[in-house]
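K.L.:
test case, fold it:
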Amino acid sequence: MKLEKSIELYTKGKKNLVGAVNSPVRAFKSVGGIPIFIHKAKGSKIYDVDGNEYVDFVLSYGPMILGHRNKKVEKAIERALKRGYTFGASTYNEIRLAKIVCDAFPGMDKVRFVNSGTEAVLSAIRLARAFTGKNKIIKFSGCYHGHSDALLVAAGSGLATLSLPGSKGVPEEAVQNTLIAEYNNINSVKLQLKLHDDIAAVIIEPVAGNMGVVKPTNEFIKQLREITETNNILLIVDEVMTGFRSKFGGAQELLGIQADITCLGKVIGGGFPVGAYGARNEIMEMVAPLGPVYQAGTLSGNPIAMACGIATLKELQERNPYEDFEKTATFLSRTLKKAAAKNGVDIQVNRFGSMINPFFTKEKVVNFKTAQTSDTKKFKTFFWKMIENGVFLPPSQFEAWFLATAMSKRDMYKVRGAINIAMKAVADKHN
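P.N.:
Numbers count the residues shown, from 1 in each chain. Here you go, the predicted structure:
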């Protein structure tokens, strides 16, 4: 396949962009080679600057749940553009989208729109600390909640060790109130509660998506909710990735729990920059202008993002694609497992709703530690063979693949063929 123009743009981009990219995973470091530059997209397909066509499983890391340039969504954006791009003042569509979101999440009375998932999460943590009067938070190793200082934390060699910054430029003081627990290990949470009596909140991805797709066990997630309630600790559920991807609403409802504070993003903006955090009145009324917790943003509730979000969610409501997503995910899972077995390749396939990904490991993947047993060299081979055969995947073993309503049976047959070729290449090179 030809990538000459991508190589040319990558070379040019390095002069004025950091690594020629604006987000690290786009640099393709974990899979090698140069990043692919995209020219356009439509429906289930994405096209690079060299004219190569791909079935798109990245989908901008989740927001494009209807595929690219959905007709109804595009019309809504065009209407909004004609009215103006941004006003620095309130608009009716903010109220409309807020009602749709709150109606979809039991226990959410009010929501505040922001500009990113990172912003939603850092605001939710500030709110939790103010509401409880406590300072510490628990997060889970391998769960990603944006790049704010307090959450860029790597766990030490034990479940209750001191937290260490996960990035240069983050001082130890910024993470001293962040505690680490192990996903799907309730005892690691109990241990932190024994050691600390000033925990304001526990934050969790209801289904992890940045260590690959990892589901919580029923026992773990139910006990986590019980423990937080018993100890007057708020449960913050980060549904930036999972929101509206497994049902019209959140994964938390399917898992049988209810968050105190929910964070959202991605799908609720339909592809435009957006984030949100919401909770019951008692909590949200602490946020300015009603309460003492300050948070503001010039572009929060941007009219184009609101219009796009409303159109996307209305289309999801009408189409209710979640049963079809389950069928497609099942097809992909079977295809991956069958191809791996045929070629003697060790693989685990995890999926939830419209999120799926394979791990190249023998070990069942239930947390970050087991995810890291994956053979990333095998994934690298698999990734590039999929690219060569017209399937665009996230360039990392530890990123979820996403499904869109625009994907057709013909697309899936093409993907099946690519998987069979790619898995054989993995066996030929690594077995």
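K.L.:
use CA for all of it now, contacts and neighbours both
P.N.:
Noted.
K.L.:
send the alpha carbons of the one helix or strand residue 334 maps to over as CSV?
P.N.:
Using DSSP states H and E, residue 334 sits within helix 322-342. Taking C-alpha atoms only, helix 322-342 is exported to CSV below (Å, rounded to 0.1, in the frame of the first residue of the first chain):
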residue,chain,number,x,y,z
TYR,A,322,-27.8,-1.8,20.6
GLU,A,323,-29.1,-5.2,19.7
ASP,A,324,-27.5,-5.0,16.3
PHE,A,325,-24.2,-3.9,18.0
GLU,A,326,-24.3,-7.0,20.1
LYS,A,327,-24.7,-9.2,17.0
THR,A,328,-21.8,-7.4,15.3
ALA,A,329,-19.6,-7.7,18.3
THR,A,330,-20.4,-11.4,18.6
PHE,A,331,-19.5,-11.9,14.9
LEU,A,332,-16.2,-10.1,15.4
SER,A,333,-15.4,-12.0,18.6
ARG,A,334,-16.1,-15.4,16.9
THR,A,335,-14.0,-14.4,13.9
LEU,A,336,-11.0,-13.3,15.9
LYS,A,337,-11.1,-16.5,18.1
LYS,A,338,-11.6,-18.8,15.1
ALA,A,339,-8.7,-17.2,13.2
ALA,A,340,-6.5,-17.3,16.2
ALA,A,341,-7.3,-21.0,16.9
LYS,A,342,-6.7,-21.9,13.3
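K.L.:
the strands in the stretch 1-150 of the chain, which residues?
P.N.:
38-42, 45-48, 53-56, 110-114, 136-140 (DSSP state E, counting those that start in this stretch).
K.L.:
the helix or strand that the helix holding residue 334 is followed by to helix 322-342, inter-axis angle?
P.N.:
The element immediately downstream of helix 322-342 (helix or strand, assigned by DSSP H and E) is strand 348-352. Put simply, strand 348-352 runs at 180 degrees to helix 322-342, going by axes from the mean of the first three to the mean of the last three C-alpha atoms, to 10 degrees.
K.L.:
strands paired with strand 348-352, and their directions?
P.N.:
Applying DSSP bridges, strand 348-352 is found paired with strand 355-359 (antiparallel).
K.L.:
circling back: so which of the strands of the stretch 1-150 of the chain gets nearest residue 194?
P.N.:
Between residue 194 and the strands of the stretch 1-150 of the chain, the shortest gap by C-alpha to C-alpha is with strand 136-140, which sits at 12.7 Å.
K.L.:
same for the closest one, what does it pack against?
P.N.:
strand 178-181, strand 199-204 (3 or more C-alpha pairs under 8 Å, 6 or more residues apart in numbering; DSSP states H and E).
K.L.:
please work out which residues outside it touch it.
P.N.:
With C-alpha atoms under 8 Å, 6 or more residues apart in numbering as the test, strand 136-140 has contacts from 125, 129, 151, 177-183, 189, 198-204.
K.L.:
which residues in the stretch 301-431 of the chain form strands?
P.N.:
348-352, 355-359, 391-392, 401-402.
K.L.:
what about the second one, distance to the chain center?
P.N.:
If I follow you right, that is strand 355-359. 13 Å (C-alpha atoms, centre = their mean, to the nearest Å).
K.L.:
quick check: residue 411 touching residue 54?
P.N.:
No. Between residue 411 and residue 54 there is no contact under C-alpha atoms under 8 Å: 9.6 Å.
K.L.:
pick out whichever of those two has more residues nearby.
P.N.:
residue 54 (23 against 17; other C-alpha atoms under 10 Å).
K.L.:
tell me the contacts of residue 258?
P.N.:
106-107, 225, 252.
K.L.:
now with 10 Å?
P.N.:
Residue 258 is in contact with 105-108, 222, 225, 235-237, 250-252, counting by C-alpha atoms under 10 Å, 6 or more residues apart in numbering.
K.L.:
and for residue 237?
P.N.:
Per C-alpha under 10 Å, 6+ apart, neighbours of residue 237: 121, 124, 202-207, 250-252, 257-264, 277.
K.L.:
let's see 7 Å
P.N.:
Contacts of residue 237 were listed using C-alpha atoms under 7 Å, 6 or more residues apart in numbering, and they are 203-206, 259, 261-263.
K.L.:
nearest to residue 311, of the strands of the stretch 301-431 of the chain?
P.N.:
strand 401-402 (19.7 Å).
K.L.:
can you list contacts of stretch 319-336?
P.N.:
Taking C-alpha under 7 Å, 6+ apart as the rule, stretch 319-336 contacts 246-247, 349, 353-354, 356, 403, 405, 416, 419.
K.L.:
quick revisit: ranked by average pLDDT, which of the helices and strands packed on strand 136-140 falls at the bottom?
P.N.:
Here the lowest mean pLDDT among the helices and strands packed on strand 136-140 goes to strand 178-181, at a mean of 94.
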